[in-house]
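Visitor: Sequence and predicted structure below; questions after.
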Amino acid sequence: MMESAFPQLPGLVIGRFQPVHKGHLDALRQAFEQEAHLLIVIGSAENDYELDNPFTASERYQMLAAALATTPEWQGRFSIVPIRDINNHSLWVGHLENLLPPFGVVYTGSPIVTELFLQDGKHDIHEIKKNLDLSATGVRDKILNEQEWEEDTPAGVAELLKKWNAQNRIQTLKKNVTD
């Protein structure tokens, strides 16, 4: 493991996970390679049943748990925490710090998250490399348009999405937006 300025503190990974896909797993793998424990934050936990945020915080938690269960060496090394957004970038890092246990390195692929934590100046930032050309938006679009999407998600996540009839939900949400 890489030496950190905060070796005793868990690393932090933040995402909306709408839905969890293999790119998320690759990002988590990169963080797990460096950290003994990760805080995995489900961001914008209050947003659901929207076209860009079709899944509830509980569903996203279940997807993460199913995806993480496939890698035995990660077991016992993470905590999943849903957190509401406050829709105020200047206060957001402090909001996280108030709600989460102390954390060290922040792992992110988001330029805005990087900028906000750099401005805060209290945490090391580690840029996650995007090794897979996947996005939750792309997966949702494939589900919406009845294209093959299952290979983009871990098997357990695909099973959950089918169980929840994600295709019907996303199509209904799209219809509501266009009506």
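Guide: Yep, that arrived.

Visitor: How about Leu161: what's its closest non-neighbour residue?
Guide: Leaving aside its sequence neighbours, Leu161 sits nearest to Pro19 (C-beta to C-beta, 6 or more residues apart in numbering; 6.1 Å). Heads up, the C-betas are built off the backbone N, CA and C, glycines and all.

Visitor: List the residues that contact the one you found.
Guide: 55, 60, 63, 136, 139-140, 153, 157, 161, 166 (C-beta atoms under 8 Å, 6 or more residues apart in numbering).

Visitor: Using the three-state scheme, assign it.
Guide: Taken by DSSP: H, G, I helix; E, B strand; the rest coil, the conformation at Pro19 corresponds to coil.

Visitor: And Val41, by the same measure?
Guide: strand.

Visitor: I'd say it and Ile14 touch.
Guide: Yes. Contact status for Val41 versus Ile14: in contact at 4.4 Å, counting by C-beta atoms under 8 Å.

Visitor: neighbours of Gly23, just the number please.
Guide: The tally of other residues near Gly23 (other C-beta atoms under 10 Å) stands at 22.

Visitor: What mean pLDDT does the helix or strand where it lies get?
Guide: For Gly23, the host element (DSSP states H and E) is helix 22-32. Mean pLDDT, helix 22-32: 98.

Visitor: Tell me the helices and strands packed up against that helix.
Guide: Helix 22-32 makes packing contacts with strand 11-15, strand 38-42, helix 57-68, strand 106-108 when contacts are defined by 3 or more C-beta pairs under 8 Å, 6 or more residues apart in numbering; DSSP states H and E.
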